[in-house]
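Peer 1: Take this sequence and fold it.
(2 chains)
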Number of protein chains: 2
Amino acid sequence: MINELKIAIAGLGTIGSGTVTLLNQQNDLLINRTGRHLRLVSCSALKMPTNLPLDNIPFFSDAREMIKTVDFDILIELIGGADDVALDIVTTTLKQARHVVTANKAMIAHHGHTLAILAEQTGVTFGFEAAVAGGIPIIKVLREGLAANSLSQIYGILNGTCNYILTTMRKSGREFNDVLAESQSLGYAEADPSLDIDGLDTAHKLSILTSLTFGTIIDFSKVHIEGIRNISTFDINSAEELGYSIKLLGIARHTENGIEQRVHPCMVPIHSSIGHVDDVFNAIVAEGPFIGRTLFEGRGAGAIPTASAVIADILDIASGRYTPTFGIPAKKLIPLQIASMKDHRSSFYIRLTVLNRSGVFAKIAAAFRDEKISMEAILQRRHVSDKEIIPVVITVHDTLEYLVLRVINRIQTIQEIVKSPYMIRMETLL
Amino acid sequence: MINELKIAIAGLGTIGSGTVTLLNQQNDLLINRTGRHLRLVSCSALKMPTNLPLDNIPFFSDAREMIKTVDFDILIELIGGADDVALDIVTTTLKQARHVVTANKAMIAHHGHTLAILAEQTGVTFGFEAAVAGGIPIIKVLREGLAANSLSQIYGILNGTCNYILTTMRKSGREFNDVLAESQSLGYAEADPSLDIDGLDTAHKLSILTSLTFGTIIDFSKVHIEGIRNISTFDINSAEELGYSIKLLGIARHTENGIEQRVHPCMVPIHSSIGHVDDVFNAIVAEGPFIGRTLFEGRGAGAIPTASAVIADILDIASGRYTPTFGIPAKKLIPLQIASMKDHRSSFYIRLTVLNRSGVFAKIAAAFRDEKISMEAILQRRHVSDKEIIPVVITVHDTLEYLVLRVINRIQTIQEIVKSPYMIRMETLL
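Peer 2: Presented below is the predicted three-dimensional model:
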């Protein structure tokens, strides 16, 4: 008799269905790896899917009912949402000293610390390999593989939908709204795309990576978040002209002012490690004085890559391999000392929309001069229509963000500036 | 009182010194992660280094003597060499039910299966994260992170020295021997460079990856090995012209004829994931039907990246995390069914050195025609000297290796072929 591990799955959407499929298909391999039979004992979902091999498995339409009724060892929570049912069943399960595996980054971003403390009190695993970059085992890499390191920064392309939209804009020359609508019709973007394109999903994931990288208490409220709605093909073309591509990045970096934790569009050198990571692919770079730069690239989403991450967590539990939720015991995590964005230092790209009258450039130049910011490049293209409104790009080198914002505020008051200036941070990545 | 873990290190070369340094420097972090004190209790080396904090630590010039004398929990074997002292002390230590961590890929390639069986009999860990691609935790990724997957192939740039030489040849236009000599004087290549440039080091590492990827008994004797000595700048330039770069790859691939396990120079598309991995960097791609393509890139060698991998293994042991040596219990590993190279299918680059007389191209073309291989591209450059000897490149598309070898054998007999033809396999990677 092989020692069984009883699994209950709450939520049978994309990842849940993928997990059921993989558990079936890889049954022999999983027994070989763990010496245990991973048995699916129950599922819950709003509606029972008809395309899954669930015939002899008790089904519940209410996840709370399921965990009250069924005898299980691990709850796989794939309902989603930071609160409500998901949080409720996860909390109850951990309190009962039973393991939880989840892909729910929103819940971890908001309640991760509380849940980690709870899991450690009852001595069970709270696993979330599937919450960040599905096909890339980045959680395990940070918690265990690179655990001897003191990393200086971690950053990456963490949202496949945004990367797909930006890549398609670049390749097709089509504008954001057009590409978004197409992505929605193809099922690459949600009907309500805000979570992706406004950067929240990336921010959820980044807050997890920050905690793992710096041993800090997860703190989603301290993520600086900007999405990609304002990116135009003009920006993408200008970036290419300057040798950059535009990516939505999540960045956590140790600086002398504290830890930067920010999500926003970035101009990254085309020939950098992540500059050519396109389409739905995710990529994460971890850097530190010991290992130098390490890059991980793969599929961030999709049923099966993410399900394979869910099962990696199950395999750890089945094999008795335990690691504290955030790499070190939750009580030893320290509060996140955040660096203010105003002290952020980088190069900047600023797009102005200017009514081209004599004297206007003198006014713009004066604004930069008065803040002692020297303009590095000025791109001005001939305008095709006859309205005399032209886009102008100015880049500035290595300066403080608050100075740039001050200049932008002043430029906004210039009469000939007909649209709010738009700023994109430039990252000097390898 | 914190529960101590007593560490003995055999070998204080680059990695050994790095390990001592990291253990000291990261002491607090490591206690935080494991709740245990990782205490260095003894070292051995031919000569005691003077630049390490080893003052109060018993030192031995004989590693066998050390393990006989000292009370330790983990032996860190960093002496190197497949046999002799290294194998001796590792075998003894495992038999005594004490853990072993090593970076010794030659020993694992030749004796890995025996040692894995031994370790599993006595219930201890035989860890070798540091043996492949130091800064990339690829062993853990394959054994645990991607453990739900059935991968179809794994390949990569596994030797930093070869990648540095090939990169430098491309960038500087200098020939192999010249760049090798410089690499030796800079300390990037060994005085006896054969292990690196003849592909043995890559083959050692590949044999480990094959076993982890396919659940097969490690079998170094079944690696097809070719090195980079015959690569010329002419080949590198021709490759660029065709849109490729030349890399020494280790490739393990599941095919209908069995598993291919081969190390040789490859032409890979410049815009593929690993086509632009340059200098001393390593990169590994794992592919399978579930995760798609996943890429890992980082520093393959160097004291500290590799030492951080040694410590990752120590952390697993200190935390009580156990995984079978090759991912599944050694007794369940199956013999490697190797695919014969003659059945290998790919595109090929063939460089001929031809005395340019009328009729010679007809003879060459006839050789291809008779094997029903259609030439895809022919590159012929004007020759600068007056000897009428010209290099000619022929590429052929998607055919069987034994047919290509037959053509090459026949072409060799043509009188105007003044030098052995040289063939490079072309890989259609993403």
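
Peer 1: mind checking how far the residue nearest to A:Pro335 when sequence neighbours are not counted is from A:Ile338?
Peer 2: Closest residue to A:Pro335 apart from its sequence neighbours, by Cβ to Cβ, 6 or more residues apart in numbering or on different chains: A:Ile217 at 5.5 Å. Where C-beta positions appear, they are placed from N, C-alpha and C, glycine not excepted. Look at A:Ile217 and A:Ile338: by Cβ to Cβ, to the nearest Å, they are 12 Å apart.

Peer 1: Return the set of buried residues in stretch A:247-267.
Peer 2: Going by neighbour count (16 or more other Cβ atoms under 10 Å in any protein chain shown), the buried part of stretch A:247-267 is A:247-254, A:259-267.

Peer 1: The residue nearest the centre of chain A is in what secondary structure piece?
Peer 2: Nearest to the geometric centre of chain A sits A:Thr202, at 2.6 Å (Cα atoms, centre = their mean). For A:Thr202, the element it lies in under DSSP states H and E is helix A:200-214.

Peer 1: Show me what the mean pLDDT comes to for that helix.
Peer 2: Across helix A:200-214, pLDDT averages out at 98.

Peer 1: and the buried residues of stretch A:247-267, which of them are in helices?
Peer 2: Using DSSP state H, no member of the buried residues of stretch A:247-267 sits in helices.

Peer 1: A:Ile139: what's it in contact with?
Peer 2: A:Phe128, A:Glu129, A:Ala131, A:Val132, A:Ile208, A:Leu212 (Cβ atoms under 8 Å, 6 or more residues apart in numbering or on different chains).

Peer 1: What of A:Leu75?
Peer 2: A:Ala8, A:Ala10, A:Ile67, A:Ile89, A:Val90, A:Thr93, A:Arg98, A:His99, A:Val100, A:Val101.

Peer 1: got the residues you listed as TSV, with secondary structure, pLDDT and distance to A:Asp198 columns?
Peer 2: As requested, these are exported to TSV (DSSP: H, G, I helix; E, B strand; the rest coil; pLDDT from 0 to 100; distance: Cβ to Cβ, whole Å):
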residue	secondary structure	pLDDT	distance to A:Asp198
A:Ala8	strand	98	33
A:Ala10	strand	98	27
A:Ile67	helix	97	33
A:Ile89	helix	98	28
A:Val90	helix	98	25
A:Thr93	helix	98	31
A:Arg98	coil	98	35
A:His99	strand	98	33
A:Val100	strand	98	28
A:Val101	strand	98	28
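
Peer 1: nearest to chain B, of these?
Peer 2: The shortest gap between chain B and any of the contacts of A:Leu75 belongs to A:Val101, at 12.1 Å (Cβ to the nearest Cβ).

Peer 1: circling back to that earlier point, now for the helix or strand just after the helix holding A:Thr202, which elements pack on it?
Peer 2: Using DSSP H and E, the next helix or strand after helix A:200-214 towards the C-terminus is strand A:224-225. On a contact count with 3 or more Cβ pairs under 8 Å, 6 or more residues apart in numbering or on different chains; DSSP states H and E, strand A:224-225 meets helix A:200-214, strand A:258-269.

Peer 1: Relative to B:Tyr155, which of the ones you listed is closest?
Peer 2: Of all the helices and strands packed on strand A:224-225, the one in closest proximity to B:Tyr155, counting by Cβ to Cβ, is strand A:258-269 (26.6 Å).

Peer 1: CA-only coordinates of that closest one in PDB, if you can.
Peer 2: Extracted C-alpha coordinates of strand A:258-269, given in PDB (Å, rounded to 0.1, in the frame of the first residue of the first chain):
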ATOM      1  CA  GLY A 258      15.600  51.800   0.900                       C
ATOM      2  CA  ILE A 259      14.000  49.300  -1.400                       C
ATOM      3  CA  GLU A 260      12.400  50.500  -4.600                       C
ATOM      4  CA  GLN A 261       9.300  48.500  -5.500                       C
ATOM      5  CA  ARG A 262       7.800  49.700  -8.700                       C
ATOM      6  CA  VAL A 263       5.700  48.700 -11.700                       C
ATOM      7  CA  HIS A 264       5.700  50.900 -14.800                       C
ATOM      8  CA  PRO A 265       6.500  50.900 -18.500                       C
ATOM      9  CA  CYS A 266      10.200  51.000 -19.000                       C
ATOM     10  CA  MET A 267      12.500  51.600 -21.900                       C
ATOM     11  CA  VAL A 268      15.000  48.800 -21.800                       C
ATOM     12  CA  PRO A 269      18.000  48.400 -24.200                       C
END
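
Peer 1: neighbouring strands for the following helix or strand past it, and are they parallel or not?
Peer 2: Downstream of strand A:258-269, the first helix or strand assigned by DSSP H and E is strand A:281-288. Sheet pairing of strand A:281-288 (DSSP bridges) gives strand A:153-157 (antiparallel), strand A:292-299 (antiparallel).

Peer 1: which residues are contacting strand A:281-288?
Peer 2: A:133-136, A:138, A:141-142, A:146, A:149-160, A:163, A:209, A:213, A:273-274, A:277, A:293-301, A:429.

Peer 1: these two touch, right, A:Arg39 and A:Ala8?
Peer 2: No: counting by Cβ atoms under 8 Å, A:Arg39 stays clear of A:Ala8, with 10.3 Å between them.

Peer 1: which one of those two has more residues nearby?
Peer 2: Per other Cβ atoms under 10 Å in any protein chain shown, whichever of A:Arg39 and A:Ala8 has more neighbours is A:Ala8, with 27 against 15.

Peer 1: Tell me which of the helices and strands packed on strand A:224-225 sits nearest to chain B.
Peer 2: helix A:200-214 (11.2 Å).

Peer 1: pLDDT below threshold where in chain A?
Peer 2: Applying pLDDT under 70 to chain A picks out residues A:1-2, A:382-387.
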